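Participant: Give me a model of this one.
(one chain, ligands or ions: 1)
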Amino acid sequence: MTLVDTRDPSFDTYCDEGVERAMALGNRGPISFTDDGDLHPDIVEAYGRCGFYVFEGVVADEELQELRVGIDAALERAPYPDRHSAVDRHGRPALGLDWALSPWTMAAPLSDPVGGTSANNGRHHIKMHEPEAPSDAPAHVPLLVGSGLRLSDAFLRVFGHPGLLRVAEHFNGPDFTPFTEVLFVKEPGLGPSVSWHQDGQLHWDSPQWDQNIHGFNFQVQLYGSTPRNGVWVVPGTHRLGRVDIAERMRANGGSDRWPDGVPLVCGPGDCTMTNRQTLHGSFPNTSNERRITVNFGFHRRSSVLGQRGVLSGTGNLYDEEYVRERCRTIPLAIDARAQRFPDEERYEYAPTVGEEDRHRYTPENAAAILTDYNTRDLGI
Ligand SMILES: O=C(O)CCC(=O)C(=O)O
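Facilitator: Numbering: from 1, shown residues only. The predicted structure is shown next:
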């Protein structure tokens with residue numbers, strides 16, 4: 001396929017300046033803990049100030065390779081050449097069309113499928129710049145692939161990563177819950193954009209509102225993430241309440257390139273943590289570099305319990321039983337990981353201590369816990 005970069009060259013300047021701003025923030029480095037086992041205070045401070053943190057070197061080469069192979073096998077089974085097809089590019093049945101929720105969110109190459117629409121509770125207020133797609137591109141390409149824990153065992157294992165789960169415990173308490181697990185797919189010269197937005201929807205007017213009430217997302221990068229193919233964020237916006245995105249665009253002369261935005265710059269195996277209140281989005285991938293992101297989020301239990309879903313899990317009542325069942329993915333993932341990496345110290349998930357046999361990673365337990373598990377997502 002021919003790559004056509006129709007962005008004007010000033011995009012390069014915007015990217016370079018964004019990287020400079022990003023590198024000056026002091027919010028990147030390995031996951032680290034104090035001798036008492038607490039998350040290092042410098043990480044807590046920088047995350048609290050910026051609304052995101054770049055954890056470097058979270059996934060080592062061997063695991064990264066397994067993730068790439070597993071995820072590629074799933075992506076090869078995307079509907080082709082458009083989202084209505086029941087077969088993949090090899091003529092095999094496309095993956096997951098018999099699941100309760102199709103995993104595939106596909107869009108026209110380089111388009112903005114949600115900006116200015118009512119999708120996702122109307123949170124993407126503006127339409128992003130849409131460059132012309134290559135003439136030989138398929139009609140639709142994957143942008144988001146849901147039901148992540150079913151796509152590959154390697155995805156399940158990284159979801160049980162002990163360092164990441166300790167970070168989740170720090171911010172959300174020992175009874176933290178999942179949110180959703182997906183891939184973001186940004187193929188070179190094709191990847192659609194994700195219009196600027198704040199993820200959180202439910203608690204903006206809550207008397208208990210604080211900057212962590214809507215949880216966060218981890219994004220593990222399989223090939224790295226650049227200003228040209230990655231997510232951009234506006235640091236500090238997680239503390240401001242709802243942002244008037246359309247007004248920002250007007251004040252910026254109609255451009256979707258915010259002067260205070262910064263890109264999430266990552267190497268392969270790095271993992272960002274982004275507050276779900278932070279204003280963020282990604283431009284269409286007009287670059288020649290691929291970004292594949294393994295994305296999973298966590299919440300405080302008190303943020304989801306008793307709520308009714310507004311994003312994935314829409315309309316569902318998040319009662320005790322619903323939440324407990326959804327949380328079973330965590331000990332299953334921890335055991336899957338422990339079986340693959342027996343020398344690593346496993347994370348102990350407090351809510352299911354004593355229920356190890358029910359969550360042993362066996363084909364039977366995996367089928368019982370993971371089949372259509374994402375119909376119980378906890379989208380707030
Ligand atoms: O990875 C991307 O391009 C978009 C991610 C995003 O918007 C999200 O996780 O809410």
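Participant: Quick check, pLDDT for the closest residue to residue 246 other than its chain neighbours.
Facilitator: Spatially, and ignoring its direct neighbours in sequence, residue 246 is nearest to residue 125 (4.8 Å; Cβ to Cβ, 6 or more residues apart in numbering). To be clear about C-beta, it is placed using only N, CA and C from the backbone, and glycine gets the same treatment. Looking at residue 125, its pLDDT reads 89.
Participant: Please pull up the helix or strand immediately following the strand or helix carrying residue 62.
Facilitator: Residue 62 belongs to helix 61-75 when assigned by DSSP states H and E. Next along the chain after helix 61-75, taking DSSP H and E as the criterion, comes strand 104-107.
Participant: Distance from the chain centre to that following strand, please.
Facilitator: Taking Cα atoms, centre = their mean, to the nearest Å, the mean C-alpha location of strand 104-107 is offset from the chain mean by 15 Å.
Participant: What mean pLDDT does the helix holding residue 62 get?
Facilitator: Helix 61-75 shows a mean pLDDT of 98 in the predicted model.
Participant: Any figure for the gap between the most centrally placed residue in the chain and residue 317?
Facilitator: Nearest to the mean C-alpha position of the chain, by Cα atoms, centre = their mean, lies residue 295 at 2.9 Å. From residue 295 over to residue 317 the distance is 25 Å, taken as Cβ to Cβ, to the nearest Å.
Participant: Residues of this structure that sit close to the ligand?
Facilitator: 184, 194, 199, 217, 231, 280, 282, 293, 295 (Cβ under 6 Å from any ligand atom).
Participant: can you do 8 Å?
Facilitator: 182, 184, 186, 191, 193-194, 197, 199, 217, 219, 230-231, 274, 276, 280-282, 291, 293, 295, 297 (Cβ under 8 Å from any ligand atom).
Participant: I'd assumed the residue nearest to residue 246 was in a helix, is it?
Facilitator: No - according to DSSP: H, G, I helix; E, B strand; the rest coil, residue 125 belongs to no helix; its state is coil.
Participant: Tell me which helix or strand residue 59 sits in.
Facilitator: Assigned by DSSP H and E, residue 59 belongs to no helix or strand.
Participant: Can you show me the strands along this protein?
Facilitator: 28-29, 52-55, 104-107, 141-145, 177-186, 194-197, 216-221, 231-233, 262-263, 271-275, 280-282, 291-299 (DSSP state E).
Participant: low-confidence ranges in the protein?
Facilitator: Low-confidence segments of the chain (pLDDT under 70): 1-7.
Participant: mind listing what the closest residue to residue 96 other than its chain neighbours touches?
Facilitator: Leaving aside its sequence neighbours, residue 96 sits nearest to residue 103 (Cβ to Cβ, 6+ apart; 4.3 Å). By Cβ atoms under 8 Å, 6 or more residues apart in numbering, residue 103 lies in contact with 95-96, 145-147, 150-151.
Participant: And residue 155, by the same measure?
Facilitator: Contacts for residue 155 (Cβ under 8 Å, 6+ apart) come out as 67, 70-71, 148-149, 181, 183, 294.
Participant: Tell me where this protein has helices.
Facilitator: For the chain, the helices defined by DSSP state H cover 10-23, 41-50, 61-75, 119-122, 148-151, 153-159, 162-172, 245-251, 301-304, 320-327, 329-340, 363-370.
Participant: For the nearest residue to residue 102 once chain neighbours are set aside, list the residues it contacts.
Facilitator: Sequence neighbours aside, residue 96 is the residue nearest to residue 102 in space, at 6.0 Å (criterion: Cβ to Cβ, 6+ apart). By Cβ under 8 Å, 6+ apart, the contact list for residue 96 reads 77, 102-104, 147, 150.
Participant: 10 Å - rerun?
Facilitator: Neighbour list for residue 96: 74, 77-79, 102-104, 145-147, 150-151 [criterion: Cβ atoms under 10 Å, 6 or more residues apart in numbering].
Participant: Show me which pair in these is furthest apart.
Facilitator: 79 and 150 (16.6 Å; Cβ to Cβ).
Participant: mind listing what the residue in the stretch 201-350 of the chain that the ligand sits nearest to touches?
Facilitator: Per Cβ to the nearest ligand atom, residue 282 is where the stretch 201-350 of the chain lies closest to the ligand, at 3.3 Å. By Cβ under 10 Å, 6+ apart, the residues touching residue 282 are 128, 143, 184, 186, 191-196, 225, 228-233, 263-264, 291, 293.
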